[in-house]
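Colleague: My questions concern the predicted model and sequence given below.
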Amino acid sequence: MRIKLTIMDQMAQVAREHGKTLAPLRDDLVLLDSGLDSLGFAVLVARLEDTLGIDPFTAAEDAMFPLTFGDFVKVYENGARGGANAA
Amino acid sequence: MVRAVAQTLRDCLANAPAERFFWDRTVHVCVNHLARGTALGGRLAELAGRSVLLATSSQLTTALVLIELDGVARRLTILPPDTATDHLATLISCAEADAIVIDAGTPECAAFDLPARITCAPAVVSADEHPLPHVPTKWLLLTSGTSGVPKMVAHSHASLTAPIGAGKRPDGAVVWGTFYDIRRYGGLQIFLRAVIGGASLVLSSAGEPIADHIRRLAKHGVTHLSGTPSHWRRALMSPEIRKIAPRYVRLSGEIADQPILDSLRAAFPEAGVSHAYASTEAGVAFEVSDGLAGFPAAFIEHDRDGVELKVVDGSLRIRSARTASRYVGAQQPELLDRDGFVDTGDMVELLGDRYAFAGRKGGIINIGGLKVHPEEIEAVINRHPQVRMSLVRPKQSPVTGAIVIADVVLRCECECPDAELQVKDDILALCRAALPRHKVPAAISFVPSLDVAATGKLARRHG
């Protein structure tokens, strides 16, 4: 749950900084409809690496492109469990 | 059978075997009608021999005007959609523009009153026009790289169309789609491929959500689709992507890494996936279609399709008939070296029998296809009274290829973490006020010192 809350927090922060309106973050929300654009997501992933200590996208062998907010959170939860790229 | 070589884009329409269309979100145009029709209200003759600024707001009207004006206008300056209005006066003077083409969506501040001003409609009507004398049109394209006013580079019909193989018309009807705006070199190549190859073309409209764009690509049966790696990463995040099945998938405008190539192969197992190496200045140098990032070392040793490559001090240089000829305007640097090569500024490293891309010379950062000079951002950060010096560098991003981050040395250490946070916020606020969004650092780290090279400059690593 901590991870999900951190992600929600950071998404709100990035949306604010980029002058975007964030859609309500339900698990089935399609990420592209969230209000963040590519640059917003790039910044979000970088911030989450700072706060959570992982970048599960760069660490993964296969590139994954999560479609929904729920998928996105899962990628981080799995990444945190695996401990990959914790350094 | 001897076929006359098409001299202008309009000549290509006469050869088109079947009806083909340009679509955007709201309109569709049967392009064949443009062979004897006009989107300029029949006023093309007023633009003959002029230096024309294209300030059209939609890609579709841009496409129609380009076909009408190639071989008619003396110069054709294409404004990309994000051109700052502050720069327009300089660009007009640099291009010696004496005519402007706008459309219904062109903002008032960009609709300059030049000696000739014509509004382009998103529709073709028949026109009874007398043939106009053929003029070898100079195409002036804006580069994305520079800080301040963008540079203009001069291309010709010949240099722009040289990368498009004449005898390689694919079997079956071709429908091109591009995520890349046709007012930039990478997207313009797709527009030209569609026009010359007798294909239809699906264009996006300003502000159109990507899901809607992909749905339209599916509806029109897109067979060939192009975008930057960042465009593709974004498209792959859309559930709609499953609705399209292109035969040919193309990446250009940024360096394609292995994960995006693998993802596209997985998403479109039947499609040929190619990454093109191209820039506004150097043109299309080569396409790589073996599914691997980088390019075979053999490309360097052998002249391929009239393109010669060499590596000087780690940087890739290109000589071919596809490169631009020069930068336009006074006090511009030379585009070509003494031997006629363009220095791309892309650093390459030989690993076995393959070259890998290793970042930009001079630390230039490519964010989703937009080039960023770190010095411009550092200058803004350094305005903060507590900053001694700063280094802006790229950080690899799985979304946009790279993002900007900054290492900052403060004049004196902050007393507490809260004060540190406040300084960070202040620096970011400065950046947001002075820079476009993609240049604002995603993260700022305070560091005790920065390396300075023997030249007295900040030590930058390629990356």
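Modeller: Perfect, I can see it now. Numbers count the residues shown, from 1 in each chain, chains lettered A, B, ... in the order given.
Colleague: anything in the longest helix along chain B sitting right up against chain A?
Modeller: Taking DSSP state H as the criterion, chain B has its longest helix at helix B:417-434. Yes: Helix B:417-434 reaches chain A (CB under 8 Å from any CB of the partner chain) through B:428, B:432. Backbone N, C-alpha and C define where each C-beta goes, glycine included.
Colleague: could you dump that helix to CSV, C-alpha only?
Modeller: Below are the C-alpha coordinates for helix B:417-434, written out as CSV (Å, rounded to 0.1, in the frame of the first residue of the first chain):
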residue,chain,number,x,y,z
PRO,B,417,16.9,19.6,5.1
ASP,B,418,13.9,22.0,5.0
ALA,B,419,16.1,24.8,3.8
GLU,B,420,17.6,22.5,1.2
LEU,B,421,14.1,21.6,-0.1
GLN,B,422,13.2,25.2,-0.3
VAL,B,423,16.3,26.0,-2.5
LYS,B,424,15.4,23.0,-4.7
ASP,B,425,11.9,24.4,-5.1
ASP,B,426,13.2,27.9,-5.8
ILE,B,427,15.5,26.6,-8.5
LEU,B,428,12.8,24.5,-10.1
ALA,B,429,10.5,27.5,-10.1
LEU,B,430,13.2,29.6,-11.8
CYS,B,431,13.5,26.9,-14.5
ARG,B,432,9.7,26.6,-15.0
ALA,B,433,9.4,30.3,-15.5
ALA,B,434,12.3,30.5,-18.0
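Colleague: Show me what it is packed up against.
Modeller: In terms of contacts (3 or more CB pairs under 8 Å, 6 or more residues apart in numbering or on different chains; DSSP states H and E), helix B:417-434 is packed against helix B:374-381, strand B:401-410, strand B:443-446.
Colleague: for the last one, packing partners?
Modeller: Okay, so that is strand B:443-446. Going by 3+ CB pairs under 8 Å, 6+ apart, strand B:443-446 lies up against helix A:38-52, strand B:401-410, helix B:417-434.
Colleague: quick one: it to chain centroid distance?
Modeller: 30 Å (CA atoms, centre = their mean, to the nearest Å).
Colleague: Give me the mean pLDDT for it.
Modeller: Mean pLDDT, computed over strand B:443-446, is 91.
Colleague: Stretch B:183-194 now?
Modeller: Stretch B:183-194 shows a mean pLDDT of 96.
Colleague: For the worst-scoring helix or strand of chain A on mean pLDDT, which helices and strands make contact with it?
Modeller: Ranked by mean pLDDT, DSSP states H and E, the weakest helix or strand in chain A is helix A:56-59, scoring a mean of 80. Using 3+ CB pairs under 8 Å, 6+ apart, the elements in contact with helix A:56-59 are helix A:69-82.
Colleague: The helix it packs on close to chain B?
Modeller: No: using CB under 8 Å from any CB, helix A:69-82 never reaches chain B; the gap is at least 9.3 Å.
Colleague: and the residue of the stretch 151-300 of chain B found nearest chain A, which of the three is it?
Modeller: Among the residues of the stretch 151-300 of chain B, residue B:259 lies closest to chain A, at 3.6 Å counting by CB to the nearest CB. The three-state label given to residue B:259 by DSSP: H, G, I helix; E, B strand; the rest coil is helix.
Colleague: and residue B:128, how many neighbours?
Modeller: Close neighbours of residue B:128, defined as other CB atoms under 10 Å in any protein chain shown, add up to 7.
Colleague: Now do the same for it: its pLDDT.
Modeller: pLDDT at residue B:128 comes out at 78.
Colleague: Provide the secondary structure category for it.
Modeller: Criterion first, three-state DSSP; result for residue B:128: coil.
Colleague: who's in contact with residue 66?
Modeller: Using chain A here. A:31, A:72, A:74-75, B:237 (CB atoms under 8 Å, 6 or more residues apart in numbering or on different chains).
Colleague: actually it's chain B I care about, not the one you picked
Modeller: So residue B:66 contacts B:9, B:54, B:76, B:78, B:191 (CB under 8 Å, 6+ apart).
Colleague: So for the residues you listed, which is the shakiest by pLDDT?
Modeller: Ranking the contacts of residue B:66 by pLDDT, residue B:9 lands last with 94.
Colleague: okay, now it: neighbour count?
Modeller: 23.
Colleague: what do you get for residue B:258?
Modeller: Neighbours of residue B:258 under the rule other CB under 10 Å: 13.
Colleague: could you measure it against residue A:65, distance?
Modeller: Applying CB to CB, to the nearest Å, the value for residue B:258 to residue A:65 is 15 Å.
Colleague: shaky segments in chain A?
Modeller: For chain A, the stretches with pLDDT under 70 are A:60-64, A:83-87.
Colleague: residues from it in reach of chain B?
Modeller: So chain A meets chain B at A:17-18, A:30-33, A:38-39, A:41-43, A:45-47, A:50, A:55, A:57-58, A:62-63, A:65-67 (CB under 8 Å from any CB).
Colleague: Could I get the contacts of residue A:66 in CSV, plus columns for neighbour count and distance to residue B:408?
Modeller: Below are these laid out as CSV (neighbours: other CB atoms under 10 Å in any protein chain shown; distance: CB to CB, whole Å):
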residue, neighbour count, distance to residue B:408
A:31, 22, 31
A:72, 28, 30
A:74, 17, 35
A:75, 17, 31
B:237, 23, 32
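Colleague: give the contact list for the nearest residue to residue B:94 once chain neighbours are set aside.
Modeller: Once flanking residues are discounted, residue B:94 sits nearest to residue B:329: 4.1 Å by CB to CB, 6 or more residues apart in numbering or on different chains. Residues in contact with residue B:329 (CB under 8 Å, 6+ apart) are B:94, B:151-152.
Colleague: same deal with residue B:327?
Modeller: With CB under 8 Å, 6+ apart, residue B:327 has these contacts: B:151-154, B:333-335.
Colleague: Return a ChimeraX selection command for the buried portion of those.
Modeller: Of these, the buried ones go into a single ChimeraX selection, burial set by 16 or more other CB atoms under 10 Å in any protein chain shown:
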select /B:151,152,153,154,335
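Colleague: Give me the lowest-pLDDT entry from the contacts of residue B:327.
Modeller: Among the contacts of residue B:327, residue B:333 has the lowest pLDDT, at 85.
Colleague: what about residue B:111, how many neighbours?
Modeller: Count around residue B:111 with other CB under 10 Å applied: 15.
Colleague: So it is in contact with residue B:104, correct?
Modeller: No: between residue B:111 and residue B:104 there is no contact under CB atoms under 8 Å: 10.6 Å.
Colleague: what's the distance between the residue in chain B sticking out farthest from the centre and chain A?
Modeller: Most distant residue from the mean C-alpha position of chain B: residue B:415, 46.3 Å away (CA atoms, centre = their mean). Using CB to the nearest CB, to the nearest Å, residue B:415 is found at 22 Å from chain A.
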